[in-house]
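[1] With the input below, show me the fold.
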Amino acid sequence: MRWQRTKEYVSRFSATRIQHADGNGIETAQPHEEGVVYLSATQVPLDGPGERARIRLKGMCRGMYKDDGSPGLFYASCANEIRSIETNFRGFVLAPA
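    You can find the predicted model right below:
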């Protein structure tokens, strides 16, 4: 259930469409434009009883960094958007359907 909610979240908040999705990962396409957020998620099973897993969401943005790794032109706007998306992720996934 949580993995399906993760897929819904990625689909809703990534600027690009999902290119690959299976039981281990969800990947969206890299956008052509700079300053646009795209997402990926991974799911890793945890040891122990039940079907528990750790789900990680990663936000990325073209133009956020320069080739040398320093902040790029879109750093501030990308960082704010990614922070908002990542902050709201847990509540969305854990909310009752």
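
[2] rest of the way, CA atoms for contacts and neighbours
    Will do.

[3] what number of residues lie near P96?
    Other residues within reach of P96, judged by other CA atoms under 10 Å, total 6.

[4] what helix or strand does it sit in?
    Counting by DSSP states H and E, no helix or strand carries P96.

[5] what's the pLDDT at it?
    Here, the pLDDT recorded for P96 equals 84.

[6] begin at 31 from here
    Sure, I'll start numbering at 31, so the last one becomes P126.

[7] Check which helix or strand L69 maps to.
    Applying DSSP H and E, one finds L69 within strand 67-75.

[8] helices or strands up against whichever helix or strand comes after that strand?
    Once the chain leaves strand 67-75, the next helix or strand it forms, by DSSP H and E, is strand 83-91. Applying 3 or more CA pairs under 8 Å, 6 or more residues apart in numbering; DSSP states H and E, we find strand 83-91 packed against strand 67-75, helix 105-124.

[9] one more time with 10 Å, if that's ok
    Secondary-structure packing of strand 83-91 (3 or more CA pairs under 10 Å, 6 or more residues apart in numbering; DSSP states H and E): helix 32-43, strand 55-58, strand 67-75, helix 105-124.

[10] Nearest approach to C91 belongs to which of those?
    Closest of the helices and strands packed on strand 83-91 to C91 is strand 67-75, at 4.5 Å (criterion: CA to CA).

[11] Spell out for me which residue occupies the centre of this structure.
    L69 (3.4 Å; CA atoms, centre = their mean).

[12] check contacts around T36.
    42, 56, 70-73, 85-87, 119-120, 122-124 (CA atoms under 10 Å, 6 or more residues apart in numbering).

[13] please redo it, this time with the cut-off set to 8 Å
    71, 123 (CA atoms under 8 Å, 6 or more residues apart in numbering).

[14] count of residues packed around Y39?
    Y39: 19 neighbours (other CA under 10 Å).

[15] next one: the one 4 residues further on
    Neighbour count for F43, taken as other CA under 10 Å: 17.
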